[in-house]
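Trainee: Here is the input, now give the coordinates:
(chains A, B, C and D)
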There are 4 protein chains.
Amino acid sequence: MESEFWTEMAGLLGKSYSDRALDSSRCRDKRVLQLLRHKKIPDEPWDDLTIEYFLGKLSAMDSNNFVGNMGVGEREGRVYSKLVAERHYRLMHGIGRSGDIGEMQPKALGSSLINKLSNSLALHAIQLSGIRSCVACRIFPVATGMTLTLCLSFLRKLRPFATRIVWSRIDQRTCVKCMTFTGMEVVVVEQRPTANGNQYLESDVAGLREAISKSPGEVLCVISTTSCFAPRSPDRVVQIAHLCAEFNVPHLVNNAYGLQSEKICNDIDQASRRGRVDLFVQSCDKNFMVPVGGAIVGAFSSDLIDGISTIYPGRASADPSIDLLITLLSMGKSGYLSLINERTTKCYPALRDGIAEWAAQVGETVLSGLLNPISIAVSLRNLDALCPDRPSNVCALGSMLFSRNISGARVVPREAKATIDGLNFQCWGSHISSKNCSYLVVAAAIGMKLEDVHSFLKVLSESYQKFRAKYGRSAE
Amino acid sequence: MESEFWTEMAGLLGKSYSDRALDSSRCRDKRVLQLLRHKKIPDEPWDDLTIEYFLGKLSAMDSNNFVGNMGVGEREGRVYSKLVAERHYRLMHGIGRSGDIGEMQPKALGSSLINKLSNSLALHAIQLSGIRSCVACRIFPVATGMTLTLCLSFLRKLRPFATRIVWSRIDQRTCVKCMTFTGMEVVVVEQRPTANGNQYLESDVAGLREAISKSPGEVLCVISTTSCFAPRSPDRVVQIAHLCAEFNVPHLVNNAYGLQSEKICNDIDQASRRGRVDLFVQSCDKNFMVPVGGAIVGAFSSDLIDGISTIYPGRASADPSIDLLITLLSMGKSGYLSLINERTTKCYPALRDGIAEWAAQVGETVLSGLLNPISIAVSLRNLDALCPDRPSNVCALGSMLFSRNISGARVVPREAKATIDGLNFQCWGSHISSKNCSYLVVAAAIGMKLEDVHSFLKVLSESYQKFRAKYGRSAE
Amino acid sequence: MESEFWTEMAGLLGKSYSDRALDSSRCRDKRVLQLLRHKKIPDEPWDDLTIEYFLGKLSAMDSNNFVGNMGVGEREGRVYSKLVAERHYRLMHGIGRSGDIGEMQPKALGSSLINKLSNSLALHAIQLSGIRSCVACRIFPVATGMTLTLCLSFLRKLRPFATRIVWSRIDQRTCVKCMTFTGMEVVVVEQRPTANGNQYLESDVAGLREAISKSPGEVLCVISTTSCFAPRSPDRVVQIAHLCAEFNVPHLVNNAYGLQSEKICNDIDQASRRGRVDLFVQSCDKNFMVPVGGAIVGAFSSDLIDGISTIYPGRASADPSIDLLITLLSMGKSGYLSLINERTTKCYPALRDGIAEWAAQVGETVLSGLLNPISIAVSLRNLDALCPDRPSNVCALGSMLFSRNISGARVVPREAKATIDGLNFQCWGSHISSKNCSYLVVAAAIGMKLEDVHSFLKVLSESYQKFRAKYGRSAE
Amino acid sequence: MESEFWTEMAGLLGKSYSDRALDSSRCRDKRVLQLLRHKKIPDEPWDDLTIEYFLGKLSAMDSNNFVGNMGVGEREGRVYSKLVAERHYRLMHGIGRSGDIGEMQPKALGSSLINKLSNSLALHAIQLSGIRSCVACRIFPVATGMTLTLCLSFLRKLRPFATRIVWSRIDQRTCVKCMTFTGMEVVVVEQRPTANGNQYLESDVAGLREAISKSPGEVLCVISTTSCFAPRSPDRVVQIAHLCAEFNVPHLVNNAYGLQSEKICNDIDQASRRGRVDLFVQSCDKNFMVPVGGAIVGAFSSDLIDGISTIYPGRASADPSIDLLITLLSMGKSGYLSLINERTTKCYPALRDGIAEWAAQVGETVLSGLLNPISIAVSLRNLDALCPDRPSNVCALGSMLFSRNISGARVVPREAKATIDGLNFQCWGSHISSKNCSYLVVAAAIGMKLEDVHSFLKVLSESYQKFRAKYGRSAE
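Mentor: A predicted model of the protein is given here:
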């Protein structure tokens, strides 16, 4: 067909001209072929025209787009609204089949291929990020929390007699919910302050050992978390992996937005080599700048990924796979690495140093050391002093920032309690039950711009002043 | 602002002209207001311009789209690819918060509103379909299977001591997986042939009673299924609801594509009034012609819906909500009802009568009565006779149809075994363990066109002939 | 490349599955090939996926979309806004070259091909409409008025000594402007009432003969108009063509929206066979439901079309060609013919009969016979009577209709004068200088819906009543 | 309406949240209001969301998008293909009315407003570029050539007795065609080498004086050209303006891509202050990176712009206006100025110096001095020497460059003749009839990237070597 097409073109345009277009067309087709053959993120970015051309080719392979197709089943990829059809590139069938989210759908070959390719490219991205030993991964079209639940449910199949999850505390509600979802008992092991007298927190490895050792056979798994808000540090996954190996207990790593940190990724890689890491989970949106809705489970054995794929009941949305595929093709390897580089070598240091400088000026302290390579916390002790009876008043600083166009800055008050599905937490938000000061947490995440850092520092300084002026007066 | 805009317009265009545009603009705004106030599917379809205008307004309410917004968190709705941004209307934040999929996100008010509205419109659609007593529903951004799993996990919270699920057998792999996912024991109650000697199948109510009555407190719930492939009939939900009420056991209805049948919906409505129905689940794509990826849980009490919303761990994709919102606004009440009407009064009768006529000519039998209002099965006994030793050869008819542009026609061979997660099934595909003949199943589903029925009948007749010619020869 | 693509596919998806997709892909490619080979409107509509796939292929053939292209010229198809790039399918180079709007651009082969194809398809549409002897046409990316000017400028090249244009009067300002643009003298020949005593108007053939015969060599051309507002009838092009042949004077037909009328098209066809028609011009938007901006010049000799193509100075917008190509592929031959059929056999009779019935009830008269197959005029004598001193007051009926969602209904007051570029017209709007009554004109144009006819009749009746009530009172 | 909308929002989302969204919404609306009030390019770029929101508001003001609109005219903005509707933002009516391209269309207020705004923003851009005295301009939806024709036709209305156009030769076919289109006599005044012995060319002011002075009343106008391929320099518009003032002859400046050069713009500005410039014309695509299809006529008196607007017969495409509006909003003042700055201070010097350096190495000469601020020519004498008998062979270098991804580099052979509409030219391409060497011309135009310069220089060097190697051999 293709050759006939170009024969016609030569007739219509003249051979020498049509040959030049053929050259360029071949160049584009070569990119597609290389993608199909190597299943890796291309070295250089694909332009949008090539991406849409490729998606068009795939979309045409789904039966609902076959010329003349007639559907007599109950699920035929019919679509009512043209707006909906177009925004999904007419890919209507989702991915997976009843038995397996990785399985091919005969009615939807294009969608199936997207599923395959996006998983391959995600694996490449994981390896590029630094988890080089990772051999397989699977994108699930549910966000991180629900994906952790899938992992736990899968582990339950492997360990039907397990009753408890050992958890290195991190104060995110979702993390608690994904454990209580399973109906298992949750054994909470709190963070502890670092030995060197700093104010930041680290994994209580001894506490974890104690929690596991009582009856390892009843432990479904240990859950560690790498990417987290300061002053909590990433869990010491290497040591925890040692423990898990020693007691033969699965190890599930919540690596939500850790792919953007080479340090975290290296730790996971080391952990898998030296100890035991079964599965690690990361968010699509937080690491790859796509909409919320997908997460990736990685493993160091294909069997585990094949296994977890088979527990997902039924079909699923193709959207997270499509978004990730488009995005990784758009970035290219060069673009992805330079985004990470910008974050690591420009934004994070600028944010950290800027906050440290400001803190020194106003008499506050940076609460996170270099241990946390993404998130930075700074004390708000002077503000605490202005609202001695109402610890939560300090949260007004957060609202002030938000109304000044700063989103994502969190104020954690020095005192807060929470009960989540029957579990009680003291000092919720602090990852530890002992009281300290209130603090502000921000993050230098992938996609941040250096100019945002500067603007933020300016707004922070102004808002902090304004808070002091306002509450200082009312306190008098 | 609005009035200043129109003042400018009057200055630029002249007042009388600008007033005419203002009239029309008001007309459009009035539609939006009515939607916000009544939260119902509009009587008449919205045009795409109005839909995109409305989505643009909502999108602008998400903080990532605020003019001048700077993000300093780890999840800021950043997006890398413009293709991705545009296909999602720049709605990046998904829906829900850590604790509750129904909760508002302060950073993403537009997305939150879409979440609210799409749930309200879905409720309206459920009521329009005939389940009038339904008072609340929730769209989950996972397909039917996973949504059934969510329901079961929720019920486990309510009944922590339950160990078994009583299941009126339906031979869809997904249905089995969503039960085994939970780790519960599955008690299979097979279908039985109808009493009147016909060849179609119906719920074994006595068998269900027996399965429940042994130890009702240990039963997590009964799962009945309304929309299914003939010759299975929709479960007798009213009787099953009576049983559940009697034994105080939850009743979960898998209503996958049942909203398109007034008969099925009336049954569920009656069941809820006369007996016990806790939750019923339906597919977004199968009922509303959107892409695979969402399902709706309906209930007759708001508490149940609020409860199930809180077990979903973390955020979730907004896509199914956006697609459903766009689609229901595009249809309008009139469009939705006329689609259902077309299916019920035109396509289904045409398909049923056409098959019956053809079956009579070639000596086959329609295996489904009027009990199944969507799906139709017809025997393939003559083909069975041509491959006495290899029952599965009859499946070649399916391939012949598929390669002739018919998608969705299923051939179920007279013998097939399956083992799914440890459960063994005889005559898998037949919903019953006793052997019968092979058969072909098709469905008259929403969105089908009358001309597709006629084309299908023609292709079926030809392919059947061709099969007989081919295998007849080889059998000689 | 294509075969390598499918080899990869077979490897990824399995050969039997990938073969099915290949079948469908071939089916789509076959459509493209047929289009390239036959350059005709396809029998059946193309779906949007196929259209965008095809446009993507063409777009990739323009040098600005070549992979790795670097531009060092002053016009390189660079584009700043992604919104702009996408809405033009990244086709930036326009069509034509300095010397010829039909010429191929080596830098923009895809655009050049669109130019070729859209002209071929337009020719097919003209022939399908009934002008079967037409052998060539050219789309110009300027609307009808400017295109008529191009035709006149071209004729001036052929007849450098001509000084006058003989014009069968039609009261559209644009028609006058396109003549005065050239600086030529305009000889106005008014319409005259039909001989049969009806109130509608027809060409004054004797008057035209007189105007031509004085000095035929000085006549640049005769301009006749086929599609026009009633009570004017389409000019009697066959007789005018006879005159032009007799005196050897060019004949330019303004067929603005005449393609939608088989009757008008047959007349032009006959005129070209029996007499002389040099060029006829039609609007893209009025005949093919695309945006304003293009017109088509048709001829019965390729030389004339080649000639007129070479007078257009420089490049030009590709948009009208793209829009027409998309639209004709979307319609298919079947769709185009059925639109015309709906107009001719449903909307026009319904509108005509509805107005006649209403007119009879209220004591008004239909002013147009069957001679005008598109436009219908009805007297407003009763309203005239209410504003004896202010003839233009009757125009308020038009505003009333417009504010009731009726666009396109024109009220022509019984008295109005106009001076256009030095030419004075009595009773402007009436195509004749003698006073009659005011009237309302409407049209049954392509794309009209039958339900619009009914709604219009209702609104007309109400508004007419309202006008009488209002002005009747004030007249008392 | 707006306040009611926000009341609903407050009810649905809570007042404090909805207030934050209202803030941002107001911020967006304020931008729109400022645009409407000041009609200037905004200081900072608008994001695409704001642009599409604004276009959506305008589109809704066109009657074809009114809710419930029924059309009973022959031109109702109906659209067949959804692809077409969407790519035009559902703006179907074009711009202008029969009498005037600047006039408002009551049926299409949104389109009319776009027309107004884009003209205002274009004026702002012209002023920002350096033609500060410009007081009015008009975008015509035809490219530069046809727009020059419009200007000439307009001047003919003002000077009905004129018969000749005095033209400072520039070898672009389009420029010749736009004069011959009018049927006027063309008086060609060739360029002449600069006095200082360099090889570049400049206006022959004495020759122009001679051509005008014979009979100024018969001269329609003088056409000068500012942006042109080296070695021609921009015409000395100030001196020519003096001449025109002296003889009272109109002066039309072809400023095709001159807006991107401050130097050229200053010259035009000076020319208008010190002498006579009636109209100057520039390309939309070459200056603003939009698709081919529009040009802008600027003037130093509103009357002239109003006048030229009224000669355009009929409606016209809105596309160039829409594209320009989107683009200027996307750029913002800051973006537009920085594009020009990048071109002037980075790309042009880099290209010029790079070529000079290369030329020195290979023994060629740069043929253009600093007089031409955009285009650079370099001799190809060594290549001429290799094809003494076939001057045109040197063009093969152009093909070699094109096939190596360089588009826009032109090779002008030392000998070439052309006859255009009866005018004969020696050494066509060289702007002068006396033979010299072949040369290569390139341009540093707006939107060029610095990396393109470097890549081009590399490819040029390689291709030149290759040419010498190939023809050197064959010459032996």
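Trainee: Flag every residue of the stretch 51-200 of chain A that's near chain C.
Mentor: Within reach of chain C by C-beta under 8 Å from any C-beta of the partner chain, the stretch 51-200 of chain A has these residues: A:52-53, A:56-57, A:59-61, A:63, A:65-69, A:82, A:86, A:90, A:104, A:106, A:109-110, A:112-113, A:116. All C-beta spots, glycine's among them, are computed from the backbone N, C-alpha and C.
Trainee: just those that are near chain B?
Mentor: When those are checked against chain B using C-beta under 8 Å from any C-beta, the ones in range are A:52, A:63, A:66, A:68, A:69, A:82, A:106.
Trainee: quick one, what contacts the fourth one?
Mentor: Remark: with contacts taken as C-beta atoms under 8 Å, 6 or more residues apart in numbering or on different chains, residue A:68 is in contact with B:405, C:27.
Trainee: now the fifth one
Mentor: When contacts are counted by C-beta under 8 Å, 6+ apart, residue A:69 touches A:63, B:405, B:407, C:24.
Trainee: okay, those in a markdown table with pLDDT next?
Mentor: Converted to a markdown table, those look like this (pLDDT from 0 to 100):
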| residue | pLDDT |
| --- | --- |
| A:63 | 94 |
| B:405 | 92 |
| B:407 | 94 |
| C:24 | 84 |
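Trainee: Pipe those into TSV and attach secondary structure and neighbour count per row.
Mentor: TSV is the format used below for these (DSSP: H, G, I helix; E, B strand; the rest coil; neighbours: other C-beta atoms under 10 Å in any protein chain shown):
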residue	secondary structure	neighbour count
A:63	helix	25
B:405	coil	20
B:407	strand	21
C:24	helix	20
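Trainee: of these, closest to chain D?
Mentor: residue C:24 (20.9 Å; C-beta to the nearest C-beta).
Trainee: Can you tell me how far the spatially closest residue to that closest one that is not a sequence neighbour is from residue C:341?
Mentor: Spatially, and ignoring its direct neighbours in sequence, residue C:24 is nearest to residue A:66 (4.1 Å; C-beta to C-beta, 6 or more residues apart in numbering or on different chains). From residue A:66 across to residue C:341, the span is 29 Å (C-beta to C-beta, to the nearest Å).
Trainee: So the two - more neighbours on which side?
Mentor: Between residue A:66 and residue C:341, counting by other C-beta atoms under 10 Å in any protein chain shown, residue A:66 is the more crowded of the two (21 against 11).
Trainee: who's in contact with the more buried one?
Mentor: Listed by C-beta under 8 Å, 6+ apart, the contact set of residue A:66 reads A:60, B:405, B:407, C:24, C:27.
Trainee: Show me the contact partners of the strand or helix carrying the last one.
Mentor: In this structure, residue C:27 is located in helix C:15-38 according to DSSP states H and E. If you take C-beta under 8 Å, 6+ apart as the criterion, helix C:15-38 is touched by A:1-2, A:4-5, A:8-9, A:12, A:57, A:60-61, A:63, A:65-69, A:104, A:106, A:109-110, B:402-403, C:6, C:9-10, C:12-13, C:42, C:46, C:50, C:53-54, C:57, C:117, C:329.
Trainee: Just the buried subset of these, please.
Mentor: A:5, A:8-9, A:12, A:57, A:60-61, A:63, A:65-67, A:69, A:104, A:106, A:109-110, B:402, C:6, C:9-10, C:12-13, C:42, C:46, C:50, C:53-54, C:57, C:117, C:329 (16 or more other C-beta atoms under 10 Å in any protein chain shown).
Trainee: Sort out for me which of those are in helices.
Mentor: A:5, A:8-9, A:12, A:57, A:109-110, B:402, C:6, C:9-10, C:12-13, C:50, C:53-54, C:57, C:117, C:329 (DSSP state H).
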